[in-house]
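> test case, fold it:
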Amino acid sequence: MRNLRFLLQKEFRQIFRDKIILAMMLGVPIIQLIIIPWAMNLNIKNINLSVVDNDHSTYSQQLITEIGSSGYFRIISADQSYRQALEHIENGSSDLIMELPDGFERNLIKEGRQTIGISVDAINGSRASIGRAYLGSVINDFNANLKINQVNLADTLTKTQGFIEITYSNWFNPHAEYKYFFVPGVLVLLLTMIGGFMTALNIVREKEVGTIEQINVTPIKKWEFILGKLIPFWIIGMILFSIGLCVIWGVYGITSTGSLPLLYVVAGIYMIALLGFGLLISTYCDNQIQAMFVAFFFILIFILMSGLFTSVQSMPPWAQYISEFTPVEHFIKIVRMIVLKGSGFYDVLTELGYISIFAIVLNGWAIWNYKKTS
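Just a heads-up that it's a prediction; the model follows:
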């Protein structure tokens, strides 16, 4: 333990000596945590819409007004022809075109039906599909509120016995706001990037400056050396995690519904696994450039397969299988369960088991792979 104490003193002095690295580890993630969730708003609004009204009737004007006041669409043009509206799609100023045919009101009243043409700019597939769904929802609401359809609906209810009315509620996120789902994942993401990159560059820095040879000829054991590298960054990581929780409470109003001590226990185990991963990379690389690129390669995969940006259940089976081998995916799932659902220890036990296995395997591998000559 005496050797470990000297190693820890050396590591802390080295960390506090480099003010830029310390600022990067503590300051940069906090700034990113404040900025990124606002910039990556998953609620798609202000969808640009071009309208071609060939009917100019009362019903067509009511529909256009309802779409414009929905809060999701911004009507940028009212064109005389479809060809004119298509120019807005081609130059990127419009996302959708809605064309109301001549006789729109007449056909609704006399025949009870009318087809509307909607053209979508599908270069951004997500924005296109969501915009089309929003527009369909607004049109359905307009259709249901038409007087002729309300009369028909009343007649239908008097003749049938099996009318079903649906009510729903959003559990754990009553207002379905993206930030409650997204912000805890961003905190995990920043913790992963800082912890993974800093430890991946740690041992190779010793190799580049030549101090690793001095350490190798000392009686320090391999596990003491790895532990001496891990503990300082683990402490900094937990401090960063605490600051991050304060930021998401102060800026976004998100507090943990579940047990805060349980959240810290899980975060502590995850940090051990993550730092072990970074130290493992550091034992294989000979310089900081190699370590940086290897760490970037794996962390990018971890982020994309974590379920932060896309649901893991929507991935192909082979991708879901790979995601099970990324500790980030399990930690994001646990953080969301504890913070949003208020899950307890037994609810997160399976995911916690995965992270614990990662911690044991990665750190054991790093200790075994560290080549020490004495």
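> show me where the stretch 151-300 of the chain has its helices.
All helices of the stretch 151-300 of the chain, identified by DSSP state H, counting those that start in this stretch, fall at 178-200, 202-209, 211-216, 222-252, 260-284, 288-304.
> pick out the shakiest of the ones you listed, pLDDT-wise.
When the helices of the stretch 151-300 of the chain are compared on mean pLDDT, helix 211-216 scores lowest, with a mean of 75.
> which parts of it are buried?
Neighbour counts using 16 or more other Cβ atoms under 10 Å place I212, I215, N216 of helix 211-216 among the buried residues. For every residue, glycine as well, the C-beta is placed using N, CA and C.
> stretch 277-284 now?
The neighbour-count check on stretch 277-284 (16+ other Cβ under 10 Å) flags F277, G278, L279, L280, I281, S282, T283 as buried.
> now the helices of the stretch 151-300 of the chain in a markdown table, with distance to F6?
Output for the helices of the stretch 151-300 of the chain, formatted as a markdown table (distance: least, Cβ to Cβ, whole Å):
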| stretch | distance to F6 |
| --- | --- |
| helix 178-200 | 20 |
| helix 202-209 | 15 |
| helix 211-216 | 11 |
| helix 222-252 | 8 |
| helix 260-284 | 19 |
| helix 288-304 | 24 |
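> quick one: contacts for the closest residue to G92 other than its chain neighbours?
In space, and not counting its chain neighbours, G92 is closest to D121: 7.8 Å by Cβ to Cβ, 6 or more residues apart in numbering. Counting by Cβ atoms under 8 Å, 6 or more residues apart in numbering, D121 touches I89, G92, S94, D95, L96, A128.
> which one (most neighbours) among those residues?
D95 (27 neighbours; other Cβ atoms under 10 Å).
> tell me the phi and psi of it?
phi -100, psi -30 (degrees, to the nearest 10).
> thought it was touching K45?
No - using Cβ atoms under 8 Å, D95 is not in contact with K45; the gap is 11.5 Å.
> domains for the protein, by residue range?
By the assignment in automatic domain parsing, the chain contains the domains 2-40+177-369, 47-150.
> distance between the last one and the chain's centre?
Think domain 47-150. 32 Å (Cα atoms, centre = their mean, to the nearest Å).
> go on, the longest one?
Here domain 2-40+177-369 shows a centroid-to-chain-centroid distance of 16 Å under the convention Cα atoms, centre = their mean.
> what's the span of it, first residue to last?
Domain 2-40+177-369 has an end-to-end distance of 24 Å (criterion: Cα to Cα, to the nearest Å).
> could I get the buried residues of stretch 277-284 as a markdown table with distance to F104?
Output for these, formatted as a markdown table (distance: Cβ to Cβ, whole Å):
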| residue | distance to F104 |
| --- | --- |
| F277 | 61 |
| G278 | 63 |
| L279 | 68 |
| L280 | 66 |
| I281 | 63 |
| S282 | 68 |
| T283 | 71 |
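> contacting residues around the helix or strand where V138 lies?
Under the criterion of DSSP states H and E, V138 resides in helix 125-145. Contact partners of helix 125-145, identified using Cβ under 8 Å, 6+ apart, comprise 44, 47, 49, 62-63, 66-67, 70, 72-73, 95-96, 98, 116, 118, 120-122, 149-150, 153.
> run the last query once more with 10 Å
Helix 125-145 has contacts (Cβ atoms under 10 Å, 6 or more residues apart in numbering) with 42-45, 47-49, 59, 62-73, 95-96, 98, 108, 113-114, 116, 118-122, 124, 149-150, 153, 310.
> drop anything exposed from the residues you listed.
Among the contacts of helix 125-145, those classed as buried by neighbour count (16+ other Cβ under 10 Å) are 44, 47-49, 59, 63-64, 67, 70, 72-73, 95-96, 98, 108, 114, 119-121.
> in helices, which of the residues you listed appear?
Y59, L63, I64, I67, L108 (DSSP state H).
> give the contact list for the second one.
Same thing as L63. 51, 53, 55, 57, 98, 100, 104-105, 116, 138-139, 142-143, 146.
> and with 6 Å instead?
Contacts for L63 (Cβ atoms under 6 Å, 6 or more residues apart in numbering) come out as F142.
> ditto for the last one
If you count contacts by Cβ under 6 Å, 6+ apart, L108 has them with Q114.
> and it, how far from L63?
With distances taken as Cβ to Cβ, to the nearest Å, L108 is found 10 Å from L63.
> so how many other residues sit close to the nearest residue to V247 once chain neighbours are set aside?
Excluding the flanking residues, the one nearest V247 by Cβ to Cβ, 6+ apart is L33, at 5.3 Å. Each residue near L33 was counted by other Cβ under 10 Å, and the total is 22.
> next one: I34
I34 has 14 neighbours, counted by other Cβ under 10 Å.
> which helix or strand contains it?
Counting by DSSP H and E, I34 is found in helix 19-39.
> give me the nearest residue to I248, chain neighbours excluded.
I248 sits nearest to I254 (Cβ to Cβ, 6+ apart), 4.7 Å away.
> right, and that neighbour touches L245 too?
No - using Cβ atoms under 6 Å, I254 is not in contact with L245; the gap is 8.8 Å.
> now for the buried residues of stretch 277-284, which pair is the farthest apart?
Distance extremes for those: the farthest pair is F277 and T283 at 11.1 Å, using Cβ to Cβ.
> so how far is D347 from K341?
According to Cβ to Cβ, K341 and D347 sit 8 Å apart.
> could the domains of the chain be laid out in JSON lines, adding distance to N170?
Formatted as JSON lines, those follow (distance: least, Cβ to Cβ, whole Å):
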{"stretch": "domain 2-40+177-369", "distance to N170": "9"}
{"stretch": "domain 47-150", "distance to N170": "16"}
